[in-house]
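Colleague: need a structure here:
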Amino acid sequence: MRTELIKSARHTRRVRRVRNRVTGTSARPRLAVTRSNCHIYAQIIDDSVGRTLCASSSLAKEFKGQIGYGGNVKAAGLVGRALGEKASALGISTVCFDRRGQKFHGRIKALAEAVREAGLKF
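Modeller: Sure thing, here's the model as predicted:
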């Protein structure tokens, strides 16, 4: 039990440390990625006004037939591609990447590569 509390506290510290340095502006919004065991969530945020510009997740209805399980690399790639297309439609070309204290590995990496393929730069 104590180990879980220590891991949680370390993760919270990493998230806060990154958020002190990474902020989204109107010119370059923040791409925040959150993952759970079963799903992955991504949103593009303008922190200057505190507004989410667009978002996508493995729970979206558009992926209902394509994703059987939302906690894998395939699902992360589909979510990243969809988010990149939504951002391009809004005229967003560059973002700053906020991985929320997670390692740039696996699902986070797959989502980032899919967003890059869709045309976003970071």
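Colleague: tell me the secondary structure for the residue nearest the centre of the chain?
Modeller: With distances taken as Cα atoms, centre = their mean, the residue of the chain nearest its centroid is Val33 (2.1 Å). For Val33, the assignment made with DSSP: H, G, I helix; E, B strand; the rest coil gives strand.
Colleague: what do you get for Ala42?
Modeller: State at Ala42, reduced to three classes by three-state DSSP: strand.
Colleague: enumerate the positions of the helix or strand that contains Ser8 that are buried.
Modeller: Here Ser8 sits within helix 2-21, counting by DSSP states H and E. Using 16 or more other Cβ atoms under 10 Å as the test for burial, helix 2-21 gives 15, 18. C-beta coordinates here come from the backbone N, C-alpha and C atoms, glycine included.
Colleague: what sits up against it?
Modeller: Applying Cβ atoms under 8 Å, 6 or more residues apart in numbering, the contact partners of helix 2-21 are 98-101.
Colleague: tell me, how many residues neighbour Ile108?
Modeller: Neighbour count for Ile108, taken as other Cβ atoms under 10 Å: 22.
Colleague: distance of it relative to Gly119?
Modeller: Separation of Ile108 from Gly119 (Cβ to Cβ, to the nearest Å) stands at 19 Å.
Colleague: where's Gly91 relative to Phe63, distance?
Modeller: From Gly91 to Phe63 the distance is 24 Å (Cβ to Cβ).
Colleague: and Leu83, by the same measure?
Modeller: Distance from Leu83 to Phe63, counting by Cβ to Cβ: 12 Å.
Colleague: and these two? Which one has more around it.
Modeller: Legend: neighbour count by other Cβ under 10 Å for Leu83 and Phe63, higher for Leu83 (26 against 17).
Colleague: wait, a strand at Phe97?
Modeller: Yes: assessed by three-state DSSP, Phe97 belongs to a strand.
Colleague: that one contacts Gly24, correct?
Modeller: No: using Cβ atoms under 8 Å, Phe97 is not in contact with Gly24; the gap is 10.5 Å.
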